[in-house]
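Peer 1: no letters, just coordinates:
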Ligand code: KIV
């Protein structure tokens, strides 16, 4: 089992939560404030998802984020998250090509950013990567169903596993990932029936996102849950706040106040003893 400097332990927590029958609550976070919010709100696991590429860096897909960019964000979240396990997401291009590369990247997320586990997408050729990373002592969370890093495939962001062939591939992939040593699975955008079937067929925790209510837990993207992003969100998102509207309105009111001379007030600044100010003026006048 891997422990971070914080002492948080990933696997026993996930396994214990599954054993308790209580759904596991996982949330993404991308910086110190979102990490603090997630922990204070009592989530069980924090994931620094490569969705950061889109939510905080403005790229048009998760494929664009570089390891170093994600590591900076992950370190910031680790500084905020000290009581629950932190999962790092291996970015596109950082693990697929060889087991050695996969282990080296995973080590950076653990050693340089303090992660308790890493997540990677896919089964098939990735099974060997999972075995290698687990063999290096680093817990791995697999990801099946819709794989955002493969969004260039003809199905794009459409739900997966809606026909028997795709569904079977997802179930088989999940079973193989468990056999390869994964500590848990994320399953994304599949019919509720397939979320339930995978959950039934593996013994590790299955955390769903758009995979129905029968999985062993749920994960959502911070910006989606809080209404912080722009544009459409997938149908599986439930918004618990419209934070972006609150922020835009607050900034707009401040800008109006500045333009109308109503900000700052005297109380929002620093005063100076009149005699000191008089001396400043006197000495400036003398200098002329
Ligand atoms: O990157 C991410 O945020 C994810 C979650 C959607 C599970 O992989």
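Peer 2: Yes, it's here. Computed from a predicted model, the values in this text were never measured in an experiment. Numbers count the residues shown, from 1 in each chain.
Peer 1: show me where the stretch 101-250 of the chain has strands.
Peer 2: Counting by DSSP state E, counting those that start in this stretch, the stretch 101-250 of the chain has strands at residues 117-119, 140-145, 184-188, 206-209, 217-220.
Peer 1: strand partners (parallel or antiparallel) of the longest one?
Peer 2: The reference is to strand 140-145. Note on strand 140-145: by DSSP bridges, its sheet partners are strand 117-119 (parallel), strand 184-188 (parallel).
Peer 1: out of those, which is closest to the ligand?
Peer 2: Ranking the strands paired with strand 140-145 by proximity to the ligand (Cβ to the nearest ligand atom) places strand 184-188 first, at 4.7 Å. Any C-beta I mention is one placed from the backbone N, CA and C, and that applies to glycine too.
Peer 1: wondering if that closest one reaches the ligand at all.
Peer 2: Yes: judged by Cβ under 6 Å from any ligand atom, strand 184-188 comes into contact with the ligand at 186, 188.
Peer 1: quick one: secondary structure of residue 26?
Peer 2: Here residue 26 takes the strand state, with states given by DSSP: H, G, I helix; E, B strand; the rest coil.
Peer 1: same question for residue 95.
Peer 2: Applying three-state DSSP: residue 95 is coil.
Peer 1: that one - nearest residue in space that isn't next to it in sequence?
Peer 2: residue 102 (3.8 Å; Cβ to Cβ, 6 or more residues apart in numbering).
Peer 1: so what's that neighbour up against?
Peer 2: Going by Cβ atoms under 8 Å, 6 or more residues apart in numbering, residue 102 touches 90, 94-96, 120, 129, 132-133.
Peer 1: got those as JSON lines, with distance to residue 44, neighbour count and pLDDT columns?
Peer 2: Shown next, in JSON lines, are these (distance: Cβ to Cβ, whole Å; neighbours: other Cβ atoms under 10 Å; pLDDT from 0 to 100):
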{"residue": "90", "distance to residue 44": "21", "neighbour count": "27", "pLDDT": "98"}
{"residue": "94", "distance to residue 44": "26", "neighbour count": "21", "pLDDT": "98"}
{"residue": "95", "distance to residue 44": "25", "neighbour count": "25", "pLDDT": "98"}
{"residue": "96", "distance to residue 44": "29", "neighbour count": "16", "pLDDT": "98"}
{"residue": "120", "distance to residue 44": "20", "neighbour count": "27", "pLDDT": "98"}
{"residue": "129", "distance to residue 44": "26", "neighbour count": "25", "pLDDT": "98"}
{"residue": "132", "distance to residue 44": "27", "neighbour count": "21", "pLDDT": "98"}
{"residue": "133", "distance to residue 44": "22", "neighbour count": "30", "pLDDT": "98"}
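Peer 1: report the contact partners of residue 166.
Peer 2: residue 160.
Peer 1: can you list the strands of the stretch 101-250 of the chain in a markdown table and add mean neighbour count and mean pLDDT?
Peer 2: Shown next, in a markdown table, are the strands of the stretch 101-250 of the chain (neighbours: other Cβ atoms under 10 Å; pLDDT from 0 to 100):
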| stretch | mean neighbour count | mean pLDDT |
| --- | --- | --- |
| strand 117-119 | 26 | 97 |
| strand 140-145 | 28 | 98 |
| strand 184-188 | 28 | 98 |
| strand 206-209 | 28 | 98 |
| strand 217-220 | 22 | 98 |
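Peer 1: what count of nearby residues applies to residue 59?
Peer 2: 15 (other Cβ atoms under 10 Å).
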